[in-house]
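Asker: structure here, sequence nowhere to be found:
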């Protein structure tokens, strides 16, 4: 009879392996938690299934026949593989294995939120494969909605597709990026209106998205309508354009860690507008690994009911200015909708 016989079960292999390891029916039966006669009966059943004797009963003790030795070696391999398979299934069910595709905008990586969060997750979930892709924030949101991306780190605000949740992870103060020969490269910018005559560079985004929106809001808060050129592809291009003296830019404070020639970063006084790192994911996510990753972030950004103070969940040490912005912001960790009322009750597109 073949091993595909319906009477063959994994327990038969386990009985044989245990018997050989213990070299005694009584000890093997005790280890298996069955009666000794029952173990003897199961070994005979296995011999009947494979169609050949497995034990040499002409000799004392537990002695295997040649066929028994072959089955014993193969049985051990099968049991090891079976245990590994079951363990892998359990890990997958707990979200400890699988694959997560993650998008990010480069400016979010400068904040430390991307690397720090993924490093901590990988430490506790080493079997989860992480695929990381730099991607424009609107593309991230659409791919998440379409099921082509699991998770995203973006710079809010941005229009949010149906079925996608966006939560603010970190709020950063804005700083002015100016060329080395700029009049304020070494001076305090007590009010943003001092820069009203400058042209501001932003990424190629619509006015309601990301850095472009931050720039408009900050300048309007200071009482002027800025001249904006939305022409840069990324931070490197923004820095290059600023460095050659054609314009300036408002960027998140974390970008000042990147020291470039002919570029100065100047703090801005009296500016309440922040640049927000946010996470994006699907509502009703079904993947255990992705759910575990989302859960890690939600735990970090959900403030206790009695305490609105939220610390930045990043690997780097935030500045006092950053912590101040976080403390005064009740929306850190809140789910963002397509619009929300501003302080005067008007609708502000996100």
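Answerer: That came through, no problem. On a predicted model such as this, the values are computed, not experimentally measured, just so you know.

Asker: mind checking the SS state of residue 175?
Answerer: strand (DSSP: H, G, I helix; E, B strand; the rest coil).

Asker: any idea of the pLDDT on it?
Answerer: For residue 175, the pLDDT comes out at 96.

Asker: close enough to count as contact, it and residue 257?
Answerer: No - contact criterion CB atoms under 8 Å: residue 175 and residue 257 do not qualify, at 11.0 Å. C-beta: built from backbone N, CA, C; applies to glycine.

Asker: just want to know which of these two has more residues nearby.
Answerer: Using other CB atoms under 10 Å as the criterion, residue 175 and residue 257 rank with residue 175 on top: 23 against 11.

Asker: quick one: the helices in the chain?
Answerer: 10-22, 25-32, 36-50, 66-93, 106-110, 113-124, 137-145, 210-221, 235-243, 288-301, 320-327 (DSSP state H).

Asker: to residue 183, which of the ones you listed lies closest?
Answerer: Shortest distance between residue 183 and these, using CB to CB, is found for helix 235-243: 14.2 Å.

Asker: report the angle between that closest one and helix 210-221.
Answerer: 40 degrees (axes from the mean of the first three to the mean of the last three CA atoms, to 10 degrees).

Asker: partner residues bridging the closest residue to residue 267 other than its chain neighbours?
Answerer: Distances taken as CB to CB, 6 or more residues apart in numbering put residue 175 closest to residue 267, at 5.6 Å, once the chain neighbours are dropped. Going by DSSP bridges, residue 175 is paired in beta bridges with residue 251, residue 267.

Asker: show the contacting residues for residue 175.
Answerer: Taking CB atoms under 8 Å, 6 or more residues apart in numbering as the contact definition, residue 175 lies against 250, 251, 252, 253, 255, 256, 265, 266, 267, 268.

Asker: neighbours of the residue nearest to residue 12 when sequence neighbours are not counted, just the number please.
Answerer: What sits nearest to residue 12 in space, not counting adjacent residues and going by CB to CB, 6+ apart, is residue 46, at 4.4 Å. Neighbourhood size, residue 46 [other CB under 10 Å]: 23.

Asker: where does residue 46 land on pLDDT?
Answerer: 87.

Asker: can you give me the strands in the stretch 151-300 of the chain?
Answerer: 151-156, 164-179, 199-203, 227-232, 249-252, 263-267, 274-282 (DSSP state E, counting those that start in this stretch).

Asker: pLDDT on the fourth one, on average?
Answerer: When the per-residue pLDDT values of strand 227-232 are averaged, the result is 93.

Asker: in the chain, which helix or strand is least confident?
Answerer: strand 347-349 (a mean of 29; mean pLDDT, DSSP states H and E).
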